[in-house]
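**Student:** Structural data only, the sequence is not supplied:
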């Protein structure tokens, strides 16, 4: 059984927002959904403990992540796109993320149970109505600036992302249905592990197709960069991973 590689954006946003309550006030701005909730001190402490536990539980899977990272580096080192190798990597990622993602889903469910009905309704409503397009565009502009992309590179980058966007449209309805089904499991009074695993298994083929499209876009983007820009890009990604671990 393979795991959904594409974490459902809505449920992920919910848990990320929950985590914001356990952080200093200065960090809350990173999680706008959560600012609308008024959590008690007991809720904040409980969520902090849930987050810490799932981080510790998932830390044992670092070896698998390292192996996949090595495979990705091999792919990115090629002069041309290798479809077969890319599919193998996506499949390996899907398998490797099954148990960590199950642990995270259980943690999301546990955290969600701490909210009262009013808080659940408010958080769900905010999550469903959050628009990410402006954030995505701002993120791309920020990356282009940090890498000092030329006008030609920016144009090519936009072309790559437009192609990706158009390719992903074919999966829009299926992704929406999957998000809705996963959110229902997270909101249930009891977490149904068997149903969650079945849901992910049914979505594996679609998830892998989506991730293959995104991986090809990453490959194409890296092909645009010179050695200095590639080093900068890898440094930015490394720093991002370090922040997530912190």
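**Tutor:** Yep, that arrived. Everything quoted here is computed from the prediction, not taken from an experiment. Numbers count the residues shown, from 1 in each chain.
**Student:** Tell me which helix or strand comes right after the lowest-mean-pLDDT helix or strand in the chain.
**Tutor:** Least confident helix or strand of the chain, by mean pLDDT, DSSP states H and E, is helix 25-28 with a mean of 36. Counting by DSSP states H and E, the next helix or strand C-terminal to helix 25-28 is helix 41-58.
**Student:** Identify each buried residue in that following helix, please.
**Tutor:** For helix 41-58, a neighbour-count test (16 or more other CB atoms under 10 Å) marks 43, 44, 46, 47, 50, 51, 54, 58 as buried. Where you see a C-beta, it was placed from the backbone N, CA and C, and this is true even at glycine.
**Student:** now stretch 143-162
**Tutor:** For stretch 143-162, burial by neighbour count (16+ other CB under 10 Å) applies to 147, 149, 153, 154, 156, 157, 160, 161.
**Student:** Give me the subset of these lying in helices.
**Tutor:** Counting by DSSP state H, the part of the buried residues of stretch 143-162 found in helices is 147, 153, 154, 156, 157, 160, 161.
**Student:** Within the helices and strands, which one has residue 109?
**Tutor:** Here residue 109, judged by DSSP H and E, is contained in helix 98-112.
**Student:** That helix - contacts with which helices or strands?
**Tutor:** Secondary-structure packing of helix 98-112 (3 or more CB pairs under 8 Å, 6 or more residues apart in numbering; DSSP states H and E): helix 9-20, helix 41-58, helix 172-187, helix 193-224.
**Student:** tilt between the third one and helix 98-112?
**Tutor:** For the pair helix 172-187 and helix 98-112, the angle between their directions (axes from the mean of the first three to the mean of the last three CA atoms, to 10 degrees) equals 60 degrees.
**Student:** Figure out how far helix 172-187 is from the centre of its chain.
**Tutor:** Chain-centre distance of helix 172-187: 15 Å, with CA atoms, centre = their mean, to the nearest Å.
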